[in-house]
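Visitor: model this:
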Amino acid sequence: MRITTGPRPRAKLAMRRSVRDSLFTPATERRLVELADVDPEEVIEDFADTTVLADVDVLITSWGCPPLEHDVLERAPRLRAVIHTAGSVKHHITDACWERGIAVSSAAEANAVPVAEFTLAAILFAQKRVWQISALYRRHRTFLPWTDHFPSVGNHRRTVGLVGASRTGRRVLDLLRPFDFDVLVADPYLDDAEAMSLGARLVDLDTLLAASDTVSLHAPSLPETRHMIDRKRLGMLRDGATLINTARGDIVDTAALTEECGAGRIHAVLDVSSPEPLPTSSALYDLPNVLLTPHIAGSVGGELERLTEHSLDELARFAAGLPFTDPVQPAHLNRSA
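Guide: Coordinates of the predicted model:
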């Protein structure tokens, strides 16, 4: 998308410099300066300089952007928009931004793509017992009667439960359509008809946990979702079930999960944890029925280019006086990541 009309808006980058270096290639830098009056080498990592935002129309942010508090906005009289080159804006967009009427865009939809892909892979690998069988194969270096070790191995007609019809949850639901799964979803903002249109059956959370072979979490981190998957609910999972968490670590009671996995009753795929990273003494690192990854489900490496391209498309729309494609609505922040 290349819209060029009228004077270029004045823009600046606000993020960690290491993030800026990961997000921008020579090609995207060239497009950035075509769309805006901006120095792509200048990166704001804090707002200590009281003049740094004095002439800025649009701020391009990402991980590490400091909060845009009232006193900061007081020193940014021209600021009309924030384009976030990442997912959640909760770390830097404050009430003062909404009170000021600043338009905010997020690349959360673009960032949901790799998370959904990771989740699909985890779902398919989970009931195939891929990492457990791989570990046995590496240890014994010969074929074993795998079904003796894992009698229920395989994905055919398994029940997959998704907790949360978020952006990522909806993408996962779409990716699951070609497979022979019975798909359940639990989300308080969803109705039966919409769930059916997404290819799933709407149930309450406890029913989902008890009925699913694999449970994948896609709920936001909110006071009401903290430890939503607690000891009692972990106990509802079927023997041999797999819990996948690519959402937020504090949704799950880590101590209770460690006990359940330590007993060998359930399996887990954890891309996030609470705390993050886990202490070096955590038993979860060593359990054969747990796959730990260091928060890599979201955009990493070459996938970051998708976020940058999304933000540049939004910048082009802003420069042309058009509304954002993916605006952040403050009313929706109480049920998003």
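Visitor: grab the nearest non-local neighbour of residue 119.
Guide: Sequence neighbours aside, residue 172 is the residue nearest to residue 119 in space, at 5.0 Å (criterion: C-beta to C-beta, 6 or more residues apart in numbering). Bear in mind the C-beta positions are built from the backbone N, C-alpha and C, glycine included.
Visitor: let me see the ranges of the helices in this protein.
Guide: When assigned using DSSP state H, the helices of the chain occupy the ranges 17-23, 26-35, 70-74, 95-100, 108-128, 130-140, 146-149, 167-176, 192-197, 205-211, 231-234, 254-262, 304-319.
Visitor: with only the CA atoms kept, save the longest one in CSV.
Guide: This file holds the C-alpha atoms of helix 108-128, laid out as CSV (Å, rounded to 0.1, in the frame of the first residue of the first chain):
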residue,chain,number,x,y,z
ALA,A,108,-1.7,-7.0,17.1
GLU,A,109,-3.5,-8.6,14.2
ALA,A,110,-0.2,-9.1,12.4
ASN,A,111,1.4,-10.4,15.5
ALA,A,112,-1.3,-13.0,15.9
VAL,A,113,-0.3,-14.8,12.8
PRO,A,114,2.9,-16.5,14.1
VAL,A,115,1.3,-17.2,17.5
ALA,A,116,-1.5,-19.0,15.7
GLU,A,117,0.9,-20.9,13.6
PHE,A,118,3.0,-21.9,16.7
THR,A,119,-0.2,-23.0,18.4
LEU,A,120,-1.4,-25.1,15.5
ALA,A,121,2.0,-26.9,15.4
ALA,A,122,1.8,-27.4,19.2
ILE,A,123,-1.7,-28.9,19.0
LEU,A,124,-0.7,-31.3,16.2
PHE,A,125,2.5,-32.3,18.0
ALA,A,126,0.9,-32.6,21.4
GLN,A,127,-1.3,-35.7,20.9
LYS,A,128,1.2,-37.2,18.5
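Visitor: for that helix, packing partners?
Guide: Packing partners of helix 108-128 (3 or more C-beta pairs under 8 Å, 6 or more residues apart in numbering; DSSP states H and E): helix 167-176, strand 214-217, strand 242-245, strand 267-270, helix 304-319.
Visitor: just checking, what packs against the fourth one?
Guide: Yep, that's strand 267-270 we're talking about. So strand 267-270, by 3+ C-beta pairs under 8 Å, 6+ apart, packs with helix 108-128, strand 242-245, helix 254-262, strand 290-292.
Visitor: which one of those is the most hemmed in?
Guide: Burial of these is given as mean neighbour count (mean count of other C-beta atoms under 10 Å); strand 242-245 ranks first at a mean of 26.
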